[in-house]
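Novice: Sequence first, predicted coordinates after that:
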Amino acid sequence: MDYITTKEAAEKWGITERRVQVLCRQGKISGVFRLGWAWAIPKDATRPEDHRKTRYKKKQEEKGQ
């Protein structure tokens with residue numbers, strides 16, 4: 001199986017490298033494991049859903065934008 005780095009996953013998924021690291025640490029990406037200080041992410045792994053909510057989005061919805 002081929003693996004990619006957090007930097008490659010961030011570019012592929014359109015999020016920051018730090019966010020990918022957090023997702024790895026939380027166990028939200030299946031098949032991920034540590035190689036020393038680096039994370040090994042399966043090449044065919046999919047981006048997990050983002051369940052975070054922000055106040056900004058809520059305020060925009062209330063205004064009807």
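Specialist: Arrived safely, thanks for sending.
Novice: okay, which residue is most central for the protein?
Specialist: For the chain, the residue nearest the mean C-alpha position is Val20 (3.9 Å; C-alpha atoms, centre = their mean).
Novice: Identify the residues contacting that residue.
Specialist: Counting by C-beta atoms under 8 Å, 6 or more residues apart in numbering, Val20 makes contact with 6, 9-10, 13, 29, 39, 41. For every residue, glycine as well, the C-beta is placed using N, CA and C.
Novice: which non-adjacent residue is nearest it?
Specialist: Excluding the flanking residues, the one nearest Val20 by C-beta to C-beta, 6 or more residues apart in numbering is Thr6, at 4.4 Å.
Novice: Not counting sequence-adjacent ones, nearest residue to Glu17?
Specialist: Closest to Glu17 by C-beta to C-beta, 6+ apart is Ala10, at 4.3 Å.
Novice: can you map out the helices along the chain?
Specialist: For the chain, the helices defined by DSSP state H cover 6-13, 17-26, 55-63.
Novice: And those: which comes nearest Arg47?
Specialist: Taking C-beta to C-beta, helix 6-13 is the member of the helices of the chain nearest to Arg47, at 4.2 Å.
Novice: picking up where we left off before, just send the helices of the chain back as TSV, with distance to Leu35 too.
Specialist: Formatted as TSV, the entries for those read as follows, by distance: least, C-beta to C-beta, whole Å:
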stretch	distance to Leu35
helix 6-13	11
helix 17-26	11
helix 55-63	36
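Novice: Kindly reformat those as TSV and extend each row with mean pLDDT.
Specialist: Shown next, in TSV, are these (pLDDT from 0 to 100):
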stretch	mean pLDDT
helix 6-13	96
helix 17-26	95
helix 55-63	65
